[in-house]
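# build me a model:
(one chain, ligands or ions: 1)
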Amino acid sequence: MTEFVIAAPATPSVAIAGSQQRFPIRRVFCVGRNYSEHAREMGHDPDREPPFFFMKPADAVVPAQGTIAYPPLTQDLHHEVELVVAIGKGGVDIDPVTALDHVWGYGVGLDLTRRDLQAQAKKLGRPWSWAKGFDESAPCSPLIPASQLGHPQEGTVWLKVNGQERQRGDLADQIWPVQDVISYLSQSGALKAGDLIFTGTPAGVGALQPGDSVSAGIEGVAQLELTIGRR
Ligand code: MN
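Numbering: from 1, shown residues only. Just a heads-up that it's a prediction; the model follows:
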């Protein structure tokens with residue numbers, strides 16, 4: 001057995017609905033602007049852009065329940081509800097036609113964003129990492145195996161804050177559906193088992209305040225409910 005000079009970090013993982021087993025997380029990819037209305041609300045023309053990606057640390061994924069910390073360095077923490085895809089079988093240059101065979105399961109997650117830091121990074125031409133990759137920035141529901149769920153291609157994507165609807169869209173409105181996202185990602189590098197993909201958010205993103213109660217879901221997939229902690 002390999003001897004490490006410090007204790008090896010635990011493998012980040014996400015729960016599986018109705019099971020004691022867990023899904024180990026290797027990397028977390030996120031798609032930027034995958035719904036036209038959201039691209040427009042962020043000031044971009046959705047028809048002119050190929051998909052693009054950013055990443056979060058694997059251990060930014062936490063259970064989407066209980067209290068999620070309000071992160072430091074921001075006055076503008078935004079919610080983004082997203083379909084999460086769990087990759088069970090890796091590959092390179094994956095054909096969109098067979099891409100869904102690589103999916104182990106699906107969940108619902110939040111791509112929490114320090115929007116003020118993101119705006120500053122955009123302005124200065126700097127990376128988004130500080131805006132996107134903080135602790136607890138990727139709450140995720142338990143995963144549902146594709147063997148049970150199939151591969152959802154449509155269904156309402158919604159998010160409420162303190163009972164008021166903020167976001168609403170439909171999986172059918174994704175500019176790049178899951179099979180295309182997988183194909184694109186695998187052209188840049190090897191996609192591997194354990195990778196998670198947050199597939200982008202519909203319109204209606206906005207600020208969360210400490211103490212807010214957030215509920216969100218995707219029709220036919222899963223729901224989540226959590227509270228935002230103190231600053
Ligand atoms: Mn997002």
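# from here on, just use CA atoms for contacts and neighbour counts.
OK.
# and the closest residue to the ion within the chain, how far is that from residue 22?
Proximity of the chain to the ion (CA to the ion) peaks at residue 200, 4.5 Å away. As judged by CA to CA, to the nearest Å, residue 200 and residue 22 stand 24 Å apart.
# counting neighbours, go ahead and name the busier of those two.
Comparing residue 200 with residue 22 by other CA atoms under 10 Å, the one with more neighbours is residue 200, at 24 against 14.
# am I right that that one sits in a strand?
No. Under DSSP: H, G, I helix; E, B strand; the rest coil, residue 200 sits outside any strand and is assigned coil.
# show me the shaky parts of this structure.
For the chain, applying pLDDT under 70 flags the ranges 48.
# which bits of it sit near the ion?
111, 200 (CA under 5 Å from the ion).
# can you show me the helices along the chain?
For the chain, the helices defined by DSSP state H cover 36-41, 115-124, 129-132, 146-149, 178-188.
# how much space between the closest residue to residue 109 other than its chain neighbours and residue 46?
Nearest non-adjacent residue to residue 109, counting by CA to CA, 6 or more residues apart in numbering: residue 140, 4.1 Å away. Residue 140 sits 26 Å away from residue 46, going by CA to CA.
# quick one, which of these two is more surrounded?
More neighbours surround residue 140 than the other of residue 140 and residue 46, with 27 against 17 (other CA under 10 Å).
# for that one, what are its contacts?
Counting by CA atoms under 8 Å, 6 or more residues apart in numbering, residue 140 makes contact with 14, 61, 62, 63, 64, 84, 107, 108, 109, 110.
# for it, list each beta-bridge partner.
Judged by DSSP bridges, the bridge partners of residue 140 are residue 63, residue 109.
# measure it to residue 229 for me?
Where residue 229 is concerned, residue 140 sits at a distance of 17 Å (CA to CA).
# residue 66 now?
To residue 229, residue 66 is 9 Å away according to CA to CA.
# those two - which one has more neighbours?
Comparing residue 66 with residue 229 by neighbour count (other CA under 10 Å), the higher total belongs to residue 229, at 16 against 13.
# is the more buried one in contact with residue 65, as I believe?
No. Counting by CA atoms under 8 Å, residue 229 does not reach residue 65; the two are 11.7 Å apart.
# identify the residue spatially nearest to residue 28, adjacent ones excluded.
residue 196 (4.8 Å).
# if we can go back for a sec, and the residue nearest to residue 109, how far from residue 60?
Separation of residue 140 from residue 60 (CA to CA) stands at 10 Å.
# and for residue 23?
15 Å.
# what residue lies at the spatial centre of the chain?
With distances taken as CA atoms, centre = their mean, residue 198 lies nearest the centre of the chain, 2.9 Å away.
# show me what contacts that residue?
The neighbourhood of residue 198, defined by CA under 8 Å, 6+ apart, consists of 28, 29, 30, 31, 82, 83, 84, 85, 109, 111.
# next, the contact list for the residue nearest to residue 172 when sequence neighbours are not counted, please.
Spatial nearest neighbour of residue 172, chain neighbours left out: residue 154 (4.5 Å); criterion: CA to CA, 6+ apart. Applying CA under 8 Å, 6+ apart to residue 154 gives the contacts 170, 171, 172, 173.
# check residue 118 too.
128, 130, 131, 132.
# quick check: the last one touching residue 53?
No. With contact defined as CA under 8 Å, residue 132 does not reach residue 53; the gap is 11.6 Å.
# how many neighbours does the closest residue to residue 146 other than its chain neighbours have?
In space, and not counting its chain neighbours, residue 146 is closest to residue 105: 4.5 Å by CA to CA, 6+ apart. Applying other CA under 10 Å, we find 25 residues neighbouring residue 105.
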